Structure formats: C-alpha cells, structure tokens
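In: Predicted model and sequence below, questions to follow.
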Amino acid sequence: MSRRPFNLSNAIWRCEFEDYRPINGPSPPVGPPTLGKRKWRSLRLPGDQLPSLYGKVTAPTPTAPLWTQDQAIAYEAALEAINDVIAGYSEQIALEHGRVVPNTARIAWLEMRTDQASATGHALNVMDDENVRQTLLEYSAIVRARDGAG
C-alpha cells in the first residue's frame, strides 16, 4: 500500500466532499474537485460570478470603506464606556446581595440600568456619529462620577 504525503487541503476536501469509506475502496483523487470546467476554490473575490437560484449573480465590488478610522475609534470608546458602566453596576449588585438585608428595590434598579446599558450598546451603530458621540459623553460621565465618588 503506497502512502501519499499528507496535504491539508486534500484532507479537508476528503472530509467535506467525498463519500469516505475506510474499507478497500478506490483511493480519493488528488487535489480539489472541478465543478464543471471551472477549478474549485474556497475564496470568492469581488466580481466573481456566484451560483444562485435565480441565475448567476456578480459579487459586489467594494468601492470604499464603510466607515472611517475616527468613527471606529469613537464607536469602540463608546462601547468601552458602556461596558465599564455595566461592570460598575454589576459590582454594586454583588455588594447589595452580600449585605445582611439586601435592598431589593436597589438591585432591581441596578439590573434595569444594566439591561438598558446593554441594549444601548447593541443598538449602537458605528456610522451614526451623533448617537455614538452622545453615548460616549453620557456613559463616560457616569464612569467619571463613579470613580470620583470612590
């Protein structure tokens, strides 16, 4: 029995596409399959013709980035501020649960604020400059107030 050298792309291809039988069946073909006359490849590039139920569809070609670096930085800063506020609320909830007589109304309020902050983070859109700016201002102020009080 001759052994072929191990080739990861062939191994992956065999696992995904071949009806693999460990018994003495025919050995798998070397290399990826051909679909029609076109060579198989896993990466689709812009401008490629893609198969579809409605005929061939051309992959769109990106013309420019969807957002700027400044927008991405502001968005990440806003998310970081939101997560810092959530961490502060979670710490206060844990402290409240650790008391002899926990204040259930305060715990409920803190949990509501945590849910609200989480929803704000999920609703934030990197391209919505005004909303990102406002969120960053509000949640950064909450963090500064908390850190100044401690």
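Out: Thanks, I have the structure now.
In: I'd like to know how far residue 140 sits from residue 89.
Out: 15 Å (Cβ to Cβ, to the nearest Å). For glycine as for every other residue, the C-beta is placed from the backbone atoms N, C-alpha and C.
In: Hmm, I typed the wrong one, I wanted residue 137.
Out: In terms of Cβ to Cβ, residue 137 sits 18 Å off from residue 89.
In: So for the two, which residue has more residues nearby?
Out: residue 89 (22 against 11; other Cβ atoms under 10 Å).
In: what's the more buried one in contact with, if anything?
Out: Contacts for residue 89 (Cβ atoms under 8 Å, 6 or more residues apart in numbering) come out as 110-111, 113-114, 117.
In: Out of those, grab the one that's most surrounded.
Out: residue 117 (23 neighbours).
In: That residue and residue 97: what is the separation?
Out: 19 Å.
In: Helix, strand or coil: sort out residue 107 for me.
Out: The three-state label given to residue 107 by DSSP: H, G, I helix; E, B strand; the rest coil is helix.
In: so it touches residue 93, yeah?
Out: Yes - Residue 107 lies in contact with residue 93 (Cβ atoms under 8 Å); the separation is 5.8 Å.
In: quick one: which of those two has more around it?
Out: residue 93 (19 against 15).
In: in what helix or strand does that one lie?
Out: According to DSSP states H and E, residue 93 maps onto helix 69-97.
In: mean confidence score for that helix?
Out: Averaging pLDDT along helix 69-97 yields 96.
In: Make 395 the starting number, not 1.
Out: Got it, the first residue is 395 from now on, which makes the last one we talked about helix 463-491.
In: Could you check it and say which residues are buried?
Out: 465, 468-469, 472-473, 475-476, 478-480, 482-483, 486-487 (16 or more other Cβ atoms under 10 Å).
In: Pipe those residues into TSV and attach distance to residue 527 per row.
Out: Output for the buried residues of helix 463-491, formatted as TSV (distance: Cβ to Cβ, whole Å):
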residue	distance to residue 527
465	10
468	7
469	10
472	8
473	13
475	12
476	14
478	17
479	16
480	20
482	21
483	23
486	27
487	29
